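**Q** Show me the folded form of this:
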Amino acid sequence: MADSAYIPGLASSEPDVIAAPRYPAVVRIAHWIGTFSFVGLVFSGFGILLAHPRFYWGETGGLGAPSILDLPLPFMPGGPSGWGRHMHFQSAWLGVFCGLAYFAYGFSSGYFRRDLLPAKADLRWPSVRRVVSGHSSALRYNVVQRIVYLAVIFGLFPLLLWTGLAMSPALTSTYPALVTTLGGHQCARTIHFFAAVILVLFVMVHLAMVWRAGFRQRVGAMISGRVAAGKERR
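**A** Sure thing, here's the model as predicted:
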């Protein structure tokens, strides 16, 4: 490969280990901005949760009303929810603008179709079995990664955004369908919480897989855009 080059920390001194192109710049920038947004959302969301760690279904809910889930957390009315809401709002909009740029790039450049959409051959059992048995490439996403990433990008993220907007009285007063379609404000809050839990679990599994595959190599690739090829972990 003519444009391949050795990168300290990513390529070894062995001649068959080269630094091959992996992540486009837009994807890398969106990844790290999204990481900052995610951290801010998790910390601020936990602060908001401590103000009322109880969930309901329908339009209204509160102390004395029947709940569907009580978390074993202390009630801290008015505690960290003040700064938490402000931080949550700022982190969410950072993620939204980053996501819009990522979507625009993904569709316009063919990135989604080329790097994330599974080919028919990838969906056949031999390809899936190869992934399950632990054989994967550092140079491309395997079929399981593609399916999960597509589900998160086109399913989980839009659901989190929708339910988050549905909890805004200013927006729902103008666009009531945002919340009525979900069944009410408390429905939106409950769905938002469970979707957030799924996202946190996804990130935890993602980090565990990155560590298993070679933390330094994979994080370095997300910084430099290239990954050491030729000695891939299998």
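**Q** Can you pull the poorly scored residue ranges out of this structure?
**A** 1-21, 78-81, 125-139, 228-234 (pLDDT under 70).
**Q** What ranges does it have for its helices?
**A** 25-51, 81-109, 111, 125-132, 143-151, 157-166, 169-174, 177-180, 185-224 (DSSP state H).
**Q** quick one: which of those is nearest Leu117?
**A** helix 143-151 (7.0 Å; CB to CB). Heads up, the C-betas are built off the backbone N, CA and C, glycines and all.
**Q** on contacts alone, who are the packing partners of that closest one?
**A** helix 125-132 (3 or more CB pairs under 8 Å, 6 or more residues apart in numbering; DSSP states H and E).
**Q** Quick one: residues contacting Leu182.
**A** In this structure, Leu182 makes contact with 162-163, 166, 188, 191, judged by CB atoms under 8 Å, 6 or more residues apart in numbering.
**Q** Please report the distance of Asp70 from His192.
**A** 17 Å (CB to CB, to the nearest Å).
**Q** the more surrounded of the two?
**A** His192 (22 against 9; other CB atoms under 10 Å).
**Q** Let me see the contact set for that one.
**A** Here His192 is in contact with 160, 163-164, 166-167 (CB under 8 Å, 6+ apart).
**Q** switch to 7 Å and redo it
**A** 160, 163-164, 167 (CB atoms under 7 Å, 6 or more residues apart in numbering).
**Q** Output the contacts of Leu182 in a markdown table, with distance to His206 and neighbour count appended to each entry.
**A** Formatted as a markdown table, the contacts of Leu182 follow (distance: CB to CB, whole Å; neighbours: other CB atoms under 10 Å):
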| residue | distance to His206 | neighbour count |
| --- | --- | --- |
| Trp162 | 23 | 17 |
| Thr163 | 22 | 22 |
| Ala166 | 27 | 25 |
| Ala188 | 26 | 24 |
| Ile191 | 22 | 19 |
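**Q** Now flag whichever of these is closest to Tyr56.
**A** The closest of the contacts of Leu182 to Tyr56 turns out to be Ala188 (CB to CB; 10.9 Å).
**Q** Surely the closest one is in contact with Ala166?
**A** Yes: using CB atoms under 7 Å, Ala188 is in contact with Ala166, at 3.8 Å.
**Q** Can you check which residues contact both of the two?
**A** 179, 182.
**Q** residues near the nearest residue to Val143 once chain neighbours are set aside, how many?
**A** Counting by CB to CB, 6 or more residues apart in numbering, Asp122 is the residue found nearest to Val143 once chain neighbours are left out, at 4.1 Å. Counted with other CB under 10 Å, the neighbours of Asp122 add up to 19.
**Q** Would you mind measuring the gap between the ends of stretch 99-118?
**A** 21 Å (CA to CA, to the nearest Å).
**Q** Report the buried residues of that stretch.
**A** 99, 102, 105-106, 111-112, 115-116, 118 (16 or more other CB atoms under 10 Å).
**Q** Give me the residues contacting that stretch.
**A** So stretch 99-118 is contacted by 24, 26-27, 30, 141, 143, 146-147, 149-150, 157 (CB under 7 Å, 6+ apart).
**Q** mind running it again at 6 Å?
**A** 26, 30, 143, 146, 149-150 (CB atoms under 6 Å, 6 or more residues apart in numbering).
**Q** any idea which of these is closest to Gly40?
**A** Looking across the contacts of stretch 99-118 and measuring by CB to CB, the closest to Gly40 is Ala30, at 15.6 Å.
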